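A.B. asks: predicted structure and sequence below. I'll ask about it afterward.
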Amino acid sequence: MNLAVDARLMLNHPRGMGQFARALVTPLAQTLTALLPGNQHTQDWPHLSAGTSFFPWWEQFVLPRLAKQCGATHLLCPSNTGPVQRTSGLRTVLVVHDLIFLQPLSELPTSRSSYQNLGRLYRRTVVPKVIRHADVLITVSQFTRNELNERFGVPLEHVHVIPNTLHEDWFVGAPLADAHRCHDILCVTGEGPSKNLSALLRAFAQMQLNGIGRGMRLRVVGVKTVFHASYLAEARVLGIGDALLLEGFVSESDLRQMYRKAWLFVLPSLFEGFGIPLIEAMASGTPVACSNTTSMPEVAGAGAWLFDPRNVKSITEGLTAAVLASDRLERAAVGLVHARQFAHGKVMGQIDNFWRNIE
C-alpha cells in the first residue's frame, strides 16, 4: 500500500480530527506521503505541497492530483470530507467523525461564525456524495456507525469503529481529593450552536439562584476570543457575570491542570460524534456530567451524570446532583477506569489491525 493523506489538520499541535489522524497513520508513518496546500509544509513526513489555500478548491481538484503524482494507491481523508469525483486507481479511505452538519436548522440553528456556517453548507453538499463512493469508511463511535447505516444505508460491517485516543501521560493514579480542587465547573467547548453553551449559562445561573454552588465558577475553555463579549453579556444579564471565566488559548499542560483540579466537568452539547473532552476529564480523575444524546452516554460510561441538553431544568438538576453527590469521587474513579479503554496503547492495537486488513 502506498498511502497519501490530507494532512492539513495534522500539523503543529493538533487536537480533535488532527490528533486522531496522527494516531491513525502511525503504523504507516515511514511510508506515507502528506499532502498539503502550497502554503503549508512539514518535516514530520515526506510531503507534497501545491495549490491554493482555498479549501474547497484544493480538496476537490488539487488533493487527488497530488495523490496520483506521488503514486498513491490509497488516499486517506481524515476530516469528514474528501473529493467528490473518484480517481482511477486510487482507493479512498474516509473518516467520518460525525454527521452534525446534516441536522436541519430547526434542530441546529446557524452559528455565530460565518466561517462555520459556510463549512456546514459545504459539508452538506459534499459529504453524502463522498460517503457513497468511499472504498473504506472509519468512524469514532458506535453511534455514528449506526447513523451511517440509517442515513445512507451503509452496511454496519463496512464501517470500522476506531475511537479517539489519549496518550498515557493523560492518565492519573487517582482522583484528587476535594480539598485539593478548585470550586470550578469546567467546560471545554466551542461557540458553535451544537455546543449549547448558552443553555449551560442559564442552567448554572438557575443552580446558583436555587442556592446551590454559591461561590463556584463556570470556567469555559475553547471559545474564540472574538465571541467572549457576547457570552459575558449573557452572563451579566443572568446575574453570573462575576462567576463566568472565559479562557483564551491555553497550553496542554495548563489544560490538564484545569481538568485535574476542577470540581466537575460538564459537556452540554446537543450533538457529538465522540466528545474528546469527556475522556480527557475522566482520564484526569474528574467527575463528569454530560448530555444524554448522540455518542455521549457511550463515551462517558456508567460514572457520568446525564441530562437532557434541550431542557435547562434537566441540565440544572444534573449539575446540582453532581455538585452535591457524596459519591462524586467514587464515580470519578469509575470514569477513570472506563477512560482506559481509550488509552493510546490499547487503541493502537485496533489501528494496527485495521491497516493489516485493508486491501
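C.D. replies: Structure's in. What do you need? Residues are numbered from 1 along each chain as shown.
A.B. asks: pLDDT value on Phe307, please?
C.D. replies: Per-residue confidence for Phe307 comes out at a pLDDT of 98.
A.B. asks: same deal with Arg15?
C.D. replies: For Arg15, the model assigns a pLDDT of 84.
A.B. asks: separation between it and Val221?
C.D. replies: 11 Å (Cβ to Cβ, to the nearest Å). C-betas here are computed from N, CA, C, even on glycine.
A.B. asks: show me where the chain has its helices.
C.D. replies: For the chain, applying DSSP state H gives helices covering 17-25, 55-57, 63-69, 114-133, 142-152, 197-209, 228-238, 252-261, 276-283, 296-300, 312-324, 328-339, 344-356.
A.B. asks: so what secondary structure elements neighbour the third one?
C.D. replies: Looking back up the chat, that one is helix 63-69. In terms of contacts (3 or more Cβ pairs under 8 Å, 6 or more residues apart in numbering; DSSP states H and E), helix 63-69 is packed against strand 3-6, strand 33-36, strand 74-77.
A.B. asks: cool, and the fourth one?
C.D. replies: Here helix 114-133 is seen to pack against strand 91-96, helix 142-152 when contacts are counted using 3+ Cβ pairs under 8 Å, 6+ apart.
A.B. asks: which of these is buried the deepest?
C.D. replies: Highest mean neighbour count of those: strand 91-96, a mean of 22 (counted as mean count of other Cβ atoms under 10 Å).
A.B. asks: which other residues reach it?
C.D. replies: Applying Cβ atoms under 8 Å, 6 or more residues apart in numbering, the contact partners of strand 91-96 are 17, 20-21, 24, 73-80, 82-83, 86, 127, 130-131, 133-140, 144, 148, 273, 358-359.
A.B. asks: now do 7 Å
C.D. replies: Strand 91-96 is contacted by residues 73-80, 82, 130-131, 134-139, 144, 148 when judged by Cβ atoms under 7 Å, 6 or more residues apart in numbering.
A.B. asks: with distance to Asp169 added, can I get the helices of the chain in TSV?
C.D. replies: Below are these laid out as TSV (distance: least, Cβ to Cβ, whole Å):
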stretch	distance to Asp169
helix 17-25	14
helix 55-57	33
helix 63-69	34
helix 114-133	32
helix 142-152	27
helix 197-209	29
helix 228-238	30
helix 252-261	9
helix 276-283	10
helix 296-300	20
helix 312-324	26
helix 328-339	13
helix 344-356	9
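A.B. asks: most packed of these?
C.D. replies: Highest mean neighbour count among the helices of the chain (mean count of other Cβ under 10 Å): helix 276-283, with a mean of 27.
A.B. asks: so what does that helix touch, helix or strand wise?
C.D. replies: strand 264-267, strand 288-291, helix 296-300, helix 328-339 (3 or more Cβ pairs under 7 Å, 6 or more residues apart in numbering; DSSP states H and E).
A.B. asks: need the contact partners of it.
C.D. replies: 16, 164, 166, 170-171, 188, 259, 265, 267, 288, 290, 296, 299-300, 335-336, 338-339, 342.
A.B. asks: please apply the same query to stretch 118-138.
C.D. replies: The contact list for stretch 118-138, computed with Cβ under 7 Å, 6+ apart, reads 56, 80-82, 84, 86, 91-96, 101-102, 148, 152, 154, 158-160, 162, 358.
A.B. asks: 8 Å instead, please
C.D. replies: 24, 56, 60, 77, 80-84, 86, 91-96, 99, 101-102, 110-111, 148, 152, 154, 158-162, 354, 358.
A.B. asks: so where is the stretch 101-250 of the chain shaky, pLDDT-wise?
C.D. replies: Across the stretch 101-250 of the chain, nothing is flagged by pLDDT under 70.
A.B. asks: now the helices and strands packed on helix 63-69 as CSV including mean pLDDT?
C.D. replies: Formatted as CSV, the entries for the helices and strands packed on helix 63-69 read as follows, by pLDDT from 0 to 100:
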stretch, mean pLDDT
strand 3-6, 97
strand 33-36, 97
strand 74-77, 98
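A.B. asks: just put those in JSON lines and tack on distance to Ser230.
C.D. replies: Shown next, in JSON lines, are these (distance: least, Cβ to Cβ, whole Å):
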{"stretch": "strand 3-6", "distance to Ser230": "33"}
{"stretch": "strand 33-36", "distance to Ser230": "34"}
{"stretch": "strand 74-77", "distance to Ser230": "34"}
